[in-house]
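*Asks:* The following comprises the amino acid sequence and a computationally predicted model.
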Amino acid sequence: MGKKTDRINQLIEIIRTKNGASIKELASLLDVSEMTIRRDLAVLEKNNIVNNVYGAAIYNPVNKQTQLDSNYELSSAQTTQDSEKRKIGAFAASLIEPKDIVVIDTGSTTEMLAQSIDDNLEATILCYNSNIFNSLKMKENLSLLFSGGRYHPKTQMVESAEGISLITSMRFTKAFVSAAGIHLNLGVTCAYPYEVPTKKAILQSSVQKILLLDSSKFDEVKPAYFADLKDFDTIITDDSLPEEWKQEIEKMNIKLYTVS
C-alpha cells in the first residue's frame with residue numbers, strides 16, 4: 001500500500017480505537033498538516049466511515065467490517081486517481097509559457113498543476129483556492145493574485161462577488177478549469193452551485209480554455225452545470241479515456257491530450 005493508503009488506514013484505526021479525535025490531535029499523531037487530515041476525513045465521511053462533528057471525527061459504528069473493507073478499496077482507488085491527477089497537472093503546467101497571464105480554477109487536479117509549476121517561471125497567475133495559493137506563494141518569480149471572499153472548507157475555494165468582478169476586469173491567456181463531471185448531452189458540471197459564477201467568469205475572460213480532469217469523470221453528471229464541452233479549446237486527461245470519447249472530442253475539434 002502507498003503512503004496515503006497507510007495514513008488513511010491509520011486514521012481509521014485511531015478514530016475507532018479512541019472513539020473519536022479532534023483534527024488537531026489526528027494531525028499531531030500522524031505528523032501531517034491539519035489540512036491533510038481534513039481532506040482525508042472528507043473522503044471517509046463521504047463513504048460513511050466517520051462522522052465529522054464540530055471539528056472532531058467520530059467513528060461510524062454501522063457495518064464496521066464492511067466499512068473497513070470498502071476503505072481499503074477506496075484508499076487504493078484514491079491513490080490511483082491521485083497519480084493520474086498528478087500527471088495531468090504536470091503536463092498542464094508544461095503548457096504555461098513565460099509572461100502568460102493565467103487563471104487556475106479550484107480543484108484537486110488543478111492543485112497538482114500548481115504544485116508542478118517551475119519555480120523559475122515568470123508569469124502572472126490568479127487563483128482562488130487556498131491550497132493552490134499555498135503552492136504558488138513561494139515561487140518568487142510569479143506575480144500572484146488571490147481573489148478573496150467566503151471560504152468553503154470542503155473545496156478550499158474562496159469566492160465572492162468582488163472576486164468575480166476582479167476576474168471579469170482582467171484578461172487571461174490561459175484558463176485551467178476543473179470539473180467533477182462531463183456528459184455529452186448534459187455538459188460540464190461541478191459539485192457545488194457556488195462554484196458556477198466564478199467558473200463562468202474565468203471562461204468568459206480567457207483566450208485559451210483548458211479543461212483538466214481524470215478519465216473517471218467522463219459520463220458523470222454532478223448537480224451544478226457551468227459549461228458545454230464545446231466551450232473548451234483543450235482537454236487534458238489520462239490515457240484510460242474510452243475510445244468513443246476520443247472520437248467525440250475529435251468531432252468537436254477540441255485538442256485532446258491523454259497523459260500516461
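*Replies:* On my side now, so go ahead.

*Asks:* which stretches of the stretch 151-260 of the chain form strands?
*Replies:* Shown for the stretch 151-260 of the chain, the strands assigned by DSSP state E, counting those that start in this stretch span residues 157-159, 172-178, 181-183, 187-190, 206-212, 224-227, 234-238, 255-259.

*Asks:* export these to JSON lines and tack on mean neighbour count and mean pLDDT?
*Replies:* No exception for glycine: its C-beta is placed from N, CA and C like everyone else's. Below are the strands of the stretch 151-260 of the chain laid out as JSON lines (neighbours: other CB atoms under 10 Å; pLDDT from 0 to 100):
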{"stretch": "strand 157-159", "mean neighbour count": "23", "mean pLDDT": "96"}
{"stretch": "strand 172-178", "mean neighbour count": "24", "mean pLDDT": "98"}
{"stretch": "strand 181-183", "mean neighbour count": "21", "mean pLDDT": "95"}
{"stretch": "strand 187-190", "mean neighbour count": "22", "mean pLDDT": "96"}
{"stretch": "strand 206-212", "mean neighbour count": "21", "mean pLDDT": "98"}
{"stretch": "strand 224-227", "mean neighbour count": "18", "mean pLDDT": "96"}
{"stretch": "strand 234-238", "mean neighbour count": "23", "mean pLDDT": "97"}
{"stretch": "strand 255-259", "mean neighbour count": "15", "mean pLDDT": "96"}
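
*Asks:* Can you lay out these as a markdown table showing distance to residue 90?
*Replies:* Shown next, in a markdown table, are these (distance: least, CB to CB, whole Å):
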| stretch | distance to residue 90 |
| --- | --- |
| strand 157-159 | 22 |
| strand 172-178 | 12 |
| strand 181-183 | 21 |
| strand 187-190 | 22 |
| strand 206-212 | 11 |
| strand 224-227 | 24 |
| strand 234-238 | 10 |
| strand 255-259 | 8 |
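
*Asks:* residues near residue 197, how many?
*Replies:* 15 (other CB atoms under 10 Å).

*Asks:* list the contacts for it?
*Replies:* 159, 164 (CB atoms under 8 Å, 6 or more residues apart in numbering).

*Asks:* pLDDT wise, what is it at?
*Replies:* We have a pLDDT of 97 for residue 197.

*Asks:* where's it relative to residue 224, distance?
*Replies:* 10 Å (CB to CB, to the nearest Å).

*Asks:* ok, now residue 150?
*Replies:* Distance, residue 150 to residue 224, by CB to CB: 16 Å.

*Asks:* Repeat that for residue 11.
*Replies:* From residue 11 over to residue 224 (counting by CB to CB), the distance is 29 Å.

*Asks:* Across the sheet, point out what pairs with the nearest residue to residue 198 once chain neighbours are set aside.
*Replies:* Leaving aside its sequence neighbours, residue 198 sits nearest to residue 159 (CB to CB, 6 or more residues apart in numbering; 5.3 Å). Under the criterion DSSP bridges, residue 159 forms beta bridges with residue 150.
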